[in-house]
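Trainee: sharing a model prediction with you, sequence too.
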Amino acid sequence: MEEQQYAIEMRGICKSFGSVAANNNINLNVKSGEILALLGENGSGKTTLMNMLSGIYKPDSGIILVDGQEVAINSPEDAKKLGIGMVHQHFKLVDVFSAADNIWLGDDKSGLVLKKERYGVIRDMARKFGFDIDPRKKVYNMAVSEKQTLEIVKVLYYGAKIIILDEPTAVLTVQETARLFDVLRRMKAEGHAIIIITHKLNEVLEISDRVAILRKGEYITTVDTSSTNEQQLTEFMVGRKVELNIDRPVVDKTRPLLEIRDLTIKNDEGAVAIDKVNFYIRGGEILGVAGIAGCGQKELCEAIAGLRPIESGMMIHKGDNIVGLPPKAILEKGISMSFIPEDRLGMGLAPSMSVTDNMLLKKYDQARGPFVDRKTGRAEARQVIQELEIVTPSTETPVRRLSGGNVQKVLLGREIKAGPNVIVTAYPVRGLDINSSYAIYDILNRQKKDGVGILFVGEDLDVMIDLCDKIMVLCHGRVMGVVHAHKTSKEELGLMMTGALDLTNKYEDKPAGIARDSRIEETGEVEK
Amino acid sequence: MKNRQPLFHVVKREGASPARQLLAYVAAVALALAVGAVLLAVQGVEPVTFYRQLITMGIPGSRYPWRAVENFIKLFVPLLIVSMALSLAFKMRFWNIGGEGQFIMGAFWAGFAAMKLGESLPRPAMVLVMALCGALGGGLYGVFVAALKVKWGTNETLLTLMLNYIALYFLQYFAETKTDWNFFLDPGSARPKFAKFPASAQMITIPIGPFNLNLSLLIAAALCVLLYIYLNYTKRGYEIAVVGDSPNTARYAGMKVGKIVIRTIFLSAALIGLAGAFQVSSAGILSASVTNDVGWTGIVVAWLAKLNTAGIVVASLLITVLQFGCQTASTTYPSIDANFANLLQGVILFIVLAADFFTRFQLVRTRKEAAK
C-alpha cells in the first residue's frame, strides 16, 4: 500500500544561532488537506522552524521535501515558487497602500504600470476563495482581523498550497477567531496543507488534525488530536506535570484605592480614545480590562501613570485627585504602571542597560549625593532574579539579551519591589508560554493577597475569566459594562467587546462602575 | 532539483571576549596600514621608512624635539576634548554633528575676550575668562538646537550641520572685513589679517626643563576622568543612558526628558567651545581655519572608540599621530601631503567597522549534507 505523499516534510533540521541550538534534529510533516498544529513554549523554536520553510533562515543541516522532492529554499521568493506561504505574527503589509496594491506589490507579472483592473482582479480572486475584501481600502484603515484576512488572501493569490500561520489568533476576538477557523476548515477541504502555531491549547484541540510538539529546540513527538487532551499536550510541552488551573484567591476587599470618574482621553491623533469612563479598583481585587486591541487600553494606562494629559474627568487615589500630577508624583503615591507593548521593550525598560540599572529606573534619584546607588540595585536585582526565577547570566546582562518571559519578569519584579498599592499592568503575559504565564499570575495573586488593587489589561479571555474578580469591557473607548468574572462567559464578553451588547444600563438604579463607598464622597469633595 | 546554495552564511557569534575584540582592532589598524603601504609603494615611496617617520613624528634627531612634542599636544588636546564631548551627546542618541560650528563659536568668543580684555587682565585671569567665554559661546550655540528639538521636535542632524556653515562664514566675515570697528584684525597690516592676541591671552605653559607643558593637556586629562565618572556613576549619567536607550522609558520613569537633553547638549557643546578657546589661546591668534576639522574627526574618533572613554583617548592619540606624523613625514616626500593622513584615517575607519562585524558575526561554510 502506497503511503500518501506529504505536502511538506522536514527531516533532521538543525539550526543554531551562535552556540544556541534553536532547532535540533526536527522532523515534521503535513499532508495536503490537513491542519497541523505546532505547539511549544516560548523559545522552543517554532518560529525559527517555520522561517526556514518560508525562506527567511536556512537550516544548518537537514533536508526539506515538498511533494516528495528535495528542495533548497534560499529566499522567500523560492518559498513562494514552491507554493509555501506564511502569515507572520507581525503582519508584513505596507500601511499606506491599498489592499490590492499590497498583493500586487510582490507579483512579478504585474508589470511597471499600475492598472485600474487590478482592483477587479483581486476582488474576484478573493471572492473565489470566499473572502470579502475591499481592494481599495488602505491598510491603515483596516481592523486587525481585516489585515489578517488580507495576508491570507495574499498568500492564496500566489498559489500557496502550504499555508503557515504564526499565532494568528493572538490578536483576534472570540468571534473573529471562530471566523478564521471556518476559513481554515474550508481551505483544508480544498486540499491545502496548513500549519498553525499557537499557544492556546483549546484552539489546538478545536482546529487541528495532528499536533507536533517542540520543547527547547528539540522535537518531542507528533500526536493525533483526537487521541490527546490539554493535560497531555502540556506535559509534552513543558516536560513535566503542570497544574492547569489558575488560582483566584478570595481576599477581603478594602475600599476603592483608585477611582476613575467620567474620564475622557484623546489619543495621539486627537480622536477620543477613552470616552467618559467610570470604574474603580479596590484593594485585594483584580479588575480585568477586556477589549479589542487599540480600543483605549494604552491611553488609559498612560493617563493613570500621568504620561498622557486627560481631557476631562477625575482620577482619585485614596481620596486625592491625581489628575495633572507629574509621573514622578504618581509613582510616589504607590501607583505602578507596567505596559508590555508589542515589541515588549518599548516602555518601562531600557533594553541595552543591565538588569541592575533597570531595577534602579524609578528610584535612581532617591540615593543621596550625586551618584547612582548600584550596590542597592544589584542586591535588588539578585533578589528579584531569585524570587521570580529569572534566567540571566548575571545582574549586569543587558535586558535586551534575555528572553521574553524573563524580560517581563524583570519589569514586574521591579514594579512589585517598589511596594505599590495599585498595580496597572497591561499584557503582562503577552507572548509568554504557559510556564512563564503562570509564574506571572502567581506574582499578581500574591500582590492581591497583600491588599494591592490590580488593573489587569489582558487579551486572553479564558485567563481573565479565571484570574480576575471583575472584568470591565471596553469598546471604542466606552465601557460596555463591568461583569463578575465567575458569572460571565467568553461569548458574553466577546459580544460586549464588539459593542453588540451594552450592560452599562442593566441596573438603572446602580450605574456600573461608580463606587459607593469611595472616600472622596466622605470628604465631600465631589461637586457637580 | 537544483541545489544552488550560497557558499557561506552569516552566523551570530556568542559574546566575543574583550581580548578577541582588541585583537581584531589591532589587526584592523595593521591591515589599514598595509593598504596604505601599497598606495605608498605605488607612488614610489618606501613604506617602511615613511611609516617609521610617521610614527616617530620626526622627533628623534630633530634639533628641537621638545617643540615637536608641544605641537603634537596642540593638535591632540582639541581632538580629545571634542571627541569626549561628542560621545556625551551620542550616548544620548543626539546626533550632534555641529562640532565644527560649536568649536568656531568657542574660539571666536574666546578671541573676542582676548582682544577686548587682553590688555587689562593678568594672564591666569585672562585665560580663565577666555575659557569661560569659549564654553559659553559653544554651549549656547549647541543648546539652541537642543531647545528647538525639545520644543518642536526638529531634526538635530540637519540643524547642527547647517549651523556649522553659519559659524564658519561668520568667522570668515571678521577675517576678511577690513574696517575701523573690526578689532580682530591687525591694524598695522593693509590686508585683512587677524591680529596676534596680547601676551596675557596666551595659554599658560608649565616649563619642565626645555619642554613647556601646555596646561590644556592637564585640563583635558582631568576632563576625561571627570566625564568618565559623570557618565558611568552619576545620576545625570544614568539619565543620559536611559534617554538614549528609550525616551519613552525615561518619561515613564518620571524623568524630565527635555531638561536632560538641554542640559546634556549644553555640556557637550560647551566642552567643544572650551576646546576652541584652548586652541586659539595656545595658538595666540585667531584663524579662519581654526578648527582643523576636529568637529568631523571627533565624530570618527567617538565611533571608533564606541563612545568608550578610554577608547577615545587611544583613538584620538592614534589619529593625531597619523595626522601629525603625515605632516612631518611629508616634508621629506614631495609626492605625499597631509591628505594622506585623511585617506589612511578613512581606510582605518572602514576596516575597523568591518572587523567589528567579524567580532559579532562569523561566516560559516554551508554544510552540504547532514542528516538523512
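Mentor: Arrived safely. Residues are numbered from 1 along each chain as shown, chains lettered A, B, ... in the order given.

Trainee: which non-adjacent residue is nearest residue A:365?
Mentor: Of all residues not flanking residue A:365 in the chain, residue B:235 sits nearest, at 6.2 Å (CB to CB, 6 or more residues apart in numbering or on different chains). No exception for glycine: its C-beta is placed from N, CA and C like everyone else's.

Trainee: relative to residue B:43, how far out is the one you found?
Mentor: 54 Å (CB to CB, to the nearest Å).

Trainee: looking at these two, which one has more neighbours?
Mentor: Each of residue B:235 and residue B:43 has its neighbours counted (other CB atoms under 10 Å in any protein chain shown); residue B:235 has more, 18 against 12.

Trainee: what's near enough to touch that one?
Mentor: With CB atoms under 8 Å, 6 or more residues apart in numbering or on different chains as the criterion, the residues that contact residue B:235 are A:364, A:365, A:367, A:370, A:371, A:372.

Trainee: can you redo these as JSON lines with pLDDT, neighbour count and secondary structure?
Mentor: Converted to JSON lines, the contacts of residue B:235 look like this (pLDDT from 0 to 100; neighbours: other CB atoms under 10 Å in any protein chain shown; DSSP: H, G, I helix; E, B strand; the rest coil):
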{"residue": "A:364", "pLDDT": "88", "neighbour count": "21", "secondary structure": "helix"}
{"residue": "A:365", "pLDDT": "85", "neighbour count": "14", "secondary structure": "helix"}
{"residue": "A:367", "pLDDT": "83", "neighbour count": "16", "secondary structure": "coil"}
{"residue": "A:370", "pLDDT": "88", "neighbour count": "12", "secondary structure": "coil"}
{"residue": "A:371", "pLDDT": "90", "neighbour count": "16", "secondary structure": "strand"}
{"residue": "A:372", "pLDDT": "89", "neighbour count": "24", "secondary structure": "coil"}
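
Trainee: for the host helix or strand of residue B:101, buried residues please.
Mentor: Here residue B:101, judged by DSSP states H and E, is contained in helix B:99-117. Residues B:99-115, B:117 are the ones in helix B:99-117 that count as buried (16 or more other CB atoms under 10 Å in any protein chain shown).

Trainee: ok, and the closest non-adjacent residue to the residue of the stretch 301-450 of chain A found nearest chain B?
Mentor: Using CB to the nearest CB, the single residue of the stretch 301-450 of chain A nearest to chain B is residue A:328, 3.3 Å away. Take residue A:328 and drop its neighbours on the chain: the residue closest to it by CB to CB, 6+ apart is residue B:254, 3.3 Å away.

Trainee: now that neighbour. Its backbone dihedrals?
Mentor: Residue B:254 has phi and psi values of phi 90, psi 10 when expressed as degrees, to the nearest 10.

Trainee: now for the closest residue to chain A within the stretch 101-250 of chain B: which residues touch it?
Mentor: In the stretch 101-250 of chain B, the residue found nearest to chain A is residue B:245; the distance is 4.0 Å by CB to the nearest CB. Taking CB under 8 Å, 6+ apart, we find residue B:245 in contact with A:350, A:351, A:352, A:353.

Trainee: keep only those of those that are also close to chain B.
Mentor: Filtering the contacts of residue B:245 for proximity to chain B (criterion: CB under 8 Å from any CB of the partner chain) leaves A:350, A:351, A:352, A:353.

Trainee: who touches whichever strand or helix holds residue A:237?
Mentor: Taking DSSP H and E as the definition, one finds residue A:237 inside helix A:230-238. Contacts to helix A:230-238, defined as CB under 8 Å, 6+ apart, come from residues A:39-41, A:44, A:201-202, A:204-205, A:211, A:213, A:215, A:220-221, A:223, A:241-242, A:244, A:433-435.

Trainee: chain neighbours aside, what residue packs nearest to the residue positioned nearest the centre of chain A?
Mentor: Centroid-nearest residue in chain A, with CA atoms, centre = their mean: residue A:430, separated by 4.0 Å. Setting aside the residues directly before and after it, residue A:430 is nearest to residue A:340 in space (CB to CB, 6+ apart), at 4.7 Å.

Trainee: and the one you found, how many neighbours does it have?
Mentor: The tally of other residues near residue A:340 (other CB under 10 Å) stands at 25.

Trainee: who's in contact with it?
Mentor: Neighbouring residues of residue A:340 by CB under 8 Å, 6+ apart: A:348, A:408, A:411, A:426, A:427, A:428, A:430.

Trainee: neighbours around the third one, how many?
Mentor: Other residues lying near residue A:411 total 23 when counted by other CB under 10 Å.

Trainee: try the fourth one
Mentor: Other residues near residue A:426 come to 23 when the count uses other CB under 10 Å.

Trainee: how about the nearest residue to it, chain neighbours excluded?
Mentor: Here the nearest residue to residue A:426 in space, its sequence neighbours aside, is residue A:457; by CB to CB, 6+ apart that works out to 3.8 Å.

Trainee: from chain B, how far off is that neighbour?
Mentor: Distance, residue A:457 to chain B, by CB to the nearest CB, to the nearest Å: 16 Å.

Trainee: contact partners for that residue?
Mentor: Taking CB under 8 Å, 6+ apart, one finds A:288, A:289, A:297, A:300, A:301, A:339, A:424, A:425, A:426, A:427 in contact with residue A:457.

Trainee: quick check, pLDDT for residue B:132.
Mentor: Residue B:132 carries a pLDDT value of 96.

Trainee: for it, give me the backbone phi and psi.
Mentor: Main-chain torsions, residue B:132, degrees, to the nearest 10: phi -60, psi -40.

Trainee: what about it, neighbour count?
Mentor: Neighbourhood size, residue B:132 [other CB under 10 Å]: 17.

Trainee: so where's the stretch 201-350 of chain A uncertain?
Mentor: Applying pLDDT under 70 to the stretch 201-350 of chain A picks out residues A:242-244, A:341-346.

Trainee: residues from it in reach of chain B?
Mentor: When proximity is defined by CB under 8 Å from any CB, the stretch 201-350 of chain A lies next to chain B at A:305, A:307, A:326-328, A:331, A:337, A:345-350.
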